[in-house]
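*Asks:* Return atomic coordinates for the entry below.
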Amino acid sequence: MSVDKATVARIAALARIRLGEDEVAALEPELNKILAWVELLGEVDVSGIEPMTNGAPGVLVLREDVVDADPLTGGGKRDAVLANAPAAAHGFFGVPKVIE
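*Replies:* Residues are numbered from 1 along each chain as shown. Next comes the predicted model:
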């Protein structure tokens, strides 16, 4: 697959990127190189390889969600923590509204 100047201009328009004629001409060979590289990936034999979502093997370790009873490291300090907050409301940190 290869792209021409019209295709580059259409991609730029779809991406809402304004390109000059010289920029379109410069991007044409770059996009063709990228597409050629992607086509090379199709030649790789991946039969027998399981799909994966991450390169590092791992298992999600779950723990029980309990409050520690230790007064130094445990929970039960909501009022003490909220006493340091610049604004607190209904037992939570109060933050300014950022979306209008």
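
*Asks:* Identify all contacting residues around the host helix or strand of residue 81.
*Replies:* Per DSSP states H and E, residue 81 falls inside helix 78-83. If you take Cβ atoms under 8 Å, 6 or more residues apart in numbering as the criterion, helix 78-83 is touched by 88, 91, 92, 93. Quick note: C-beta positions are derived from backbone N, CA and C, even for glycine.

*Asks:* Now do the contacts for the last one.
*Replies:* Right, residue 93. 82, 85, 87.

*Asks:* what about the chain, any weak spots by pLDDT?
*Replies:* 71-74, 100 (pLDDT under 70).

*Asks:* Enumerate the helices of it by residue range, in sequence order.
*Replies:* 5-14, 21-41, 78-83 (DSSP state H).

*Asks:* Alpha carbons of the longest one, in CSV - could you do that?
*Replies:* The C-alpha atoms that make up helix 21-41 are tabulated as CSV, following Å, rounded to 0.1, in the frame of the first residue of the first chain:
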residue,chain,number,x,y,z
GLU,A,21,2.0,22.0,-0.2
ASP,A,22,5.7,21.5,0.6
GLU,A,23,4.8,19.8,3.9
VAL,A,24,2.4,17.4,2.1
ALA,A,25,5.2,16.6,-0.4
ALA,A,26,7.6,15.9,2.5
LEU,A,27,5.2,13.7,4.4
GLU,A,28,4.4,11.5,1.4
PRO,A,29,7.6,9.5,1.4
GLU,A,30,7.6,9.4,5.2
LEU,A,31,4.2,7.8,5.4
ASN,A,32,5.1,5.4,2.6
LYS,A,33,8.2,4.3,4.7
ILE,A,34,6.0,3.7,7.7
LEU,A,35,3.5,1.7,5.7
ALA,A,36,6.2,-0.4,4.2
TRP,A,37,7.6,-1.2,7.7
VAL,A,38,4.1,-2.1,8.9
GLU,A,39,3.7,-4.5,5.9
LEU,A,40,7.0,-6.2,6.9
LEU,A,41,5.4,-7.0,10.3
